[in-house]
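> just to be clear, the model below is a prediction. Sequence and coordinates:
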Amino acid sequence: MSSIFGENFDFFSSPFTSPFISPPTESAELAALLCSFIALYAVLRIILEPDVMRKLPFLNVFSFAISGIMALLIPHPLGIIAAAAYFIGSTFESNAIASTFAGGVEE
């Protein structure tokens, strides 16, 4: 793709491509695939587990796997921040659920 000035702007062909940020490597894709298998296993255990208290650790595992996938596949420094924000928010959510089932804060 050329502009009217004759310069080459092929590296701007997609919103996620940049000459400064490289796409994920094969090892990052393999790690993301492993994280997705772990997340799938956690989801299956959450769905099939009848006891609510035994579901909570798998909910944490699922949250860890999703934040790991985000950190591995978003090739931008803001991807790390997004993964960290998701991780922190899901940890707060899991702790709030566990605290509620345990009886809440005693006075």
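It's in. Numbering: from 1, shown residues only.

> how many residues are close by Tyr86?
Applying the criterion other C-beta atoms under 10 Å, we find 16 residues in the vicinity of Tyr86. Where you see a C-beta, it was placed from the backbone N, CA and C, and this is true even at glycine.

> next, count neighbours for Ile97.
Every residue meeting other C-beta under 10 Å relative to Ile97 is counted, giving 14.

> next one: the helix or strand encompassing it to chain centre, how far?
Element membership for Ile97, per DSSP states H and E: helix 77-102. On the basis of C-alpha atoms, centre = their mean, to the nearest Å, the separation between the geometric centre of helix 77-102 and that of its chain is 11 Å.

> buried stuff in that helix?
Burial within helix 77-102, assessed by neighbour count using 16 or more other C-beta atoms under 10 Å, is assigned to Ala83, Tyr86, Phe87, Ser90, Ser94.

> tell me what that helix is packed against?
With contacts defined as 3 or more C-beta pairs under 8 Å, 6 or more residues apart in numbering; DSSP states H and E, the secondary structure elements packing on helix 77-102 are helix 52-73.

> can you put the buried residues of helix 77-102 in TSV and add pLDDT?
Rendered in TSV, the data for the buried residues of helix 77-102 read as follows (pLDDT from 0 to 100):
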residue	pLDDT
Ala83	85
Tyr86	86
Phe87	85
Ser90	84
Ser94	77
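
> ok, so of these, who is nearest Glu29?
Closest approach between these and Glu29, by C-beta to C-beta: Ala83, at 15.9 Å.

> which one is Ala82 nearest to, not counting chain neighbours?
The shortest distance from Ala82 to any residue other than its chain neighbours is 5.9 Å, reached at Met70 (C-beta to C-beta, 6 or more residues apart in numbering).

> residues touching that neighbour, list them.
Residues in contact with Met70 (C-beta atoms under 8 Å, 6 or more residues apart in numbering) are Gly79, Ala82, Ala83, Tyr86.
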